[in-house]
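Asks: below is the sequence, then the predicted model.
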Amino acid sequence: MSKDVRVRYFIVVCFFVFGTLLGGFSEKASASSSVTFGDVPASYWAKKEIEYLYSGNIISGYEVKGGIVFHPENSVTRAQAAKIIVLAKGKTEKNVAKSGFKDVPNTHWAIGWIARASELGFIDGYDDGTYKPDALLTRAQMSKVIANAFGLDVSAADEKTIAFTDIKNGFWAASYINALYYNGISNGSGSLFKPNNDITRAQFAVFIGRALHDDFKIPVSPVPESPKPSVPEITQPPALENAKLSGKVTVSSLNVRSSPDASASIVGKLTVGNIVAVHEINGYWAKISYNNQIAYVHKTYLKLKNNSGSVLKDRVIVIDPGHGGKDPGASGNSLNEKTVVLEVAKLVQAKLESQGAKIVMTRSGDTFPTLGDRVTTSQNSYGELFVSIHANAASASAKGAETFYDDSANANGSESNELAKEIQKQIVALAGMTDRGVKNTGFYVIKNQNVPSVLVELGFITNAEDAAKLGSAQYQELYAEAIYRGILNYYSK
């Protein structure tokens, strides 16, 4: 047993001995408005909110020898979050025999809380029918939970200047995070929100306390607006056929703004399928022709296409070799997933760069970026397409390739589906793989962003036939060619 496993085992044992985070297996220490937690000193930044929620029977402490502790820096799971948010809203545990989620058995301590949180729309499950009750909640995910539960005006927040420097336009939780800021619930740390960090017990208690009671809210400081460039008055902008790029709108409603800023005035809207002349790309903003004037739209919601030359020139494509470093991924038949997919990814990179594409790699060596790091890399590089490369593992008989996309949270779910179909078709044809199809599943790295995104499973490393191909330099070249052609065909349509 590894040191890491021993530590996790010890933590699990402690949960059963001392009780679970935010209420769970054992009885909560008796509520009292004057409770003193041994690990929450008088000067602790979250003391008032913690004791306020505790006195209201919303959160619980740990009964230990000699007193009560809170463990404020511990992380919070999705099951624990379900219970606390239901209690915070004055609701009760639902009496159910089944949770409705395949990974929440009827013996799970939080089955009723999970069912109620899902029913109320506070915390959703995943498209594959799971809830992932023991997964840790990130700060970005928490922002959505709080906004949903307390009915914050997310649409209004979306029109305001983003308050944090590490939150980009187009980030899936940007509107929820902004709603927390402008409602006096969170001011982050300095200018950072740290969306991919796990939420701690203390942070969760503070955010809920502020959402519940105005006395805990913090003053909302004005956010300086980004300088707005002057918008030239052009009565006859260049015609579409003379523009460098064209852009096809991929969402049902896209705001057209007077300048490249999320708080700039809206001068119109575009609908899915509309095609516009694009004269320039700057970060996430596309300068376009609109009603005989120059205007701006968020490029995430345009499928960009060069009007001459290679369709891939200047496209920002993020390639994500799965796993790496301390995480080898799947293993079998003397192969490690992390090594195979990195080799394929490098070949894909070379092929795309030969056509003028701008390639961003989430890792180029044997390093371990977290799932959050991979998403952040895509967002910070103004990525326009995201391809995560993996190899599968199961029983020795399971074999074949499959490609995943998500339309539950990714605003470009439909485009992701088209990209997935093109890549899957090429892998099956070129590498002779069994076709396991294209599937709609909310894997973290494709769900938590809004550009067309896919996760490719090249084959099963645990199957002798697939493994022979995965470990072969000749087939690694074929896999890379298939991914390259799939991307090329997607942009050529």
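Replies: On my side now, so go ahead.

Asks: nearest residue to the residue in the chain sticking out farthest from the centre in space, please, no chain neighbours.
Replies: Computed with Cα atoms, centre = their mean, the residue of the chain farthest from its C-alpha average is Gly66, at 42.0 Å. Nearest residue to Gly66 in three dimensions, chain neighbours excluded: Gly38, at 7.5 Å (Cβ to Cβ, 6 or more residues apart in numbering). Any C-beta I mention is one placed from the backbone N, CA and C, and that applies to glycine too.

Asks: what's the per-residue pLDDT of that neighbour here?
Replies: In this model, Gly38 is scored at 89, pLDDT.

Asks: after the worst-scoring helix or strand of the chain on mean pLDDT, which helix or strand is next?
Replies: In the chain, the helix or strand scored least confidently by mean pLDDT, DSSP states H and E is helix 3-18, which has a mean of 37. As assigned by DSSP states H and E, the chain's next helix or strand after helix 3-18 is helix 47-55.

Asks: what is the neighbour count of Tyr63?
Replies: Just so we're on the same page, residue 63 is Glu rather than Tyr. 17 (other Cβ atoms under 10 Å).

Asks: and if you look at Gly151?
Replies: 9.

Asks: give me the distance between it and Ala429.
Replies: 50 Å (Cβ to Cβ, to the nearest Å).

Asks: mind listing the helices in the stretch 201-350 of the chain by residue range?
Replies: 201-212, 337-353 (DSSP state H, counting those that start in this stretch).

Asks: who's in contact with the longest one?
Replies: Contact with helix 337-353 is made by 312, 317, 319-325, 327-331, 359, 361, 363-366, 387, 389-391, 393, 458, 461, 470-471, 473, 476-477, 479-481, 483-484, 487, as judged by Cβ atoms under 8 Å, 6 or more residues apart in numbering.

Asks: after that helix, next one along is what?
Replies: strand 358-361.

Asks: give the buried residues for the helix or strand just after that following strand.
Replies: Downstream of strand 358-361, the next assigned helix or strand under DSSP H and E is helix 371-380. Judged by neighbour count (16 or more other Cβ atoms under 10 Å), helix 371-380 contains these buried residues: 371-372, 374-379.

Asks: from the chain's centre, how far out does helix 371-380 sit?
Replies: Put simply, helix 371-380 sits 9 Å off its chain's centre (Cα atoms, centre = their mean, to the nearest Å).

Asks: what lies in contact with that helix?
Replies: 138, 166, 168, 170-171, 195-197, 318, 320, 360, 362, 369, 383, 386, 388, 444-445, 448-449, 451, 453.

Asks: circling back to that earlier point, which one of the helices of the stretch 201-350 of the chain is the most hemmed in?
Replies: Highest mean neighbour count of the helices of the stretch 201-350 of the chain: helix 201-212, a mean of 24 (counted as mean count of other Cβ atoms under 10 Å).

Asks: so what angle separates the directions of that helix and helix 47-55?
Replies: Here the directions of helix 201-212 and helix 47-55 differ by 80 degrees (axes from the mean of the first three to the mean of the last three Cα atoms, to 10 degrees).

Asks: check which helices and strands helix 201-212 sits against.
Replies: With contacts taken as 3 or more Cβ pairs under 8 Å, 6 or more residues apart in numbering; DSSP states H and E, helix 201-212 sits against helix 47-55, helix 78-88, helix 139-149.

Asks: out of those, deepest packed?
Replies: helix 78-88 (a mean of 25).

Asks: would you mind writing the CA trace of that helix as PDB?
Replies: C-alpha atoms of helix 78-88 as PDB (Å, rounded to 0.1, in the frame of the first residue of the first chain):
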ATOM      1  CA  ARG A  78     -20.600  17.200  -3.800                       C
ATOM      2  CA  ALA A  79     -22.600  15.000  -1.400                       C
ATOM      3  CA  GLN A  80     -21.700  17.300   1.500                       C
ATOM      4  CA  ALA A  81     -22.500  20.400  -0.500                       C
ATOM      5  CA  ALA A  82     -25.900  18.900  -1.400                       C
ATOM      6  CA  LYS A  83     -26.800  18.600   2.300                       C
ATOM      7  CA  ILE A  84     -25.600  22.000   3.400                       C
ATOM      8  CA  ILE A  85     -27.300  23.900   0.500                       C
ATOM      9  CA  VAL A  86     -30.600  22.100   1.100                       C
ATOM     10  CA  LEU A  87     -30.500  22.900   4.800                       C
ATOM     11  CA  ALA A  88     -29.400  26.500   4.000                       C
END
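
Asks: thinking again about what came up before, I'd like to know how far the residue farthest from the centre of the chain sits from Pro41.
Replies: Distance from Gly66 to Pro41, by Cβ to Cβ: 16 Å.

Asks: same question for Ser118.
Replies: Taking Cβ to Cβ, one finds Ser118 at 37 Å from Pro41.

Asks: tell me, how many residues neighbour the residue nearest to Ser334 when sequence neighbours are not counted?
Replies: Closest residue to Ser334 apart from its sequence neighbours, by Cβ to Cβ, 6+ apart: Gly471 at 7.5 Å. Residues contacting Gly471 under the criterion other Cβ under 10 Å number 16.

Asks: repeat for the one 5 residues further on
Replies: Using other Cβ under 10 Å, Gln476 is surrounded by 21 other residues.

Asks: would it count as being in a strand?
Replies: No. Counting by DSSP: H, G, I helix; E, B strand; the rest coil, Gln476 is not found in a strand; it is helix.

Asks: which residues does it contact?
Replies: Here Gln476 is in contact with 340, 343-344, 347, 470 (Cβ under 8 Å, 6+ apart).

Asks: let's see 10 Å
Replies: Gln476 is in contact with 340-341, 343-347, 431, 458, 469-470, counting by Cβ atoms under 10 Å, 6 or more residues apart in numbering.

Asks: per-residue pLDDT, it?
Replies: So, for Gln476, pLDDT stands at 97.

Asks: for the one 5 residues further on, same thing?
Replies: As predicted, Glu481 sits at a pLDDT of 97.

Asks: go on, the one 10 residues further on?
Replies: At Tyr491 the predicted local confidence, pLDDT, stands at 96.

Asks: surely it is in contact with Glu422?
Replies: Yes. Taking Cβ atoms under 10 Å as the definition, Tyr491 is a contact partner of Glu422 at 9.4 Å.

Asks: between Ser118 and Pro41, which one's more packed in?
Replies: Between Ser118 and Pro41, counting by other Cβ under 10 Å, Ser118 is the more crowded of the two (19 against 9).
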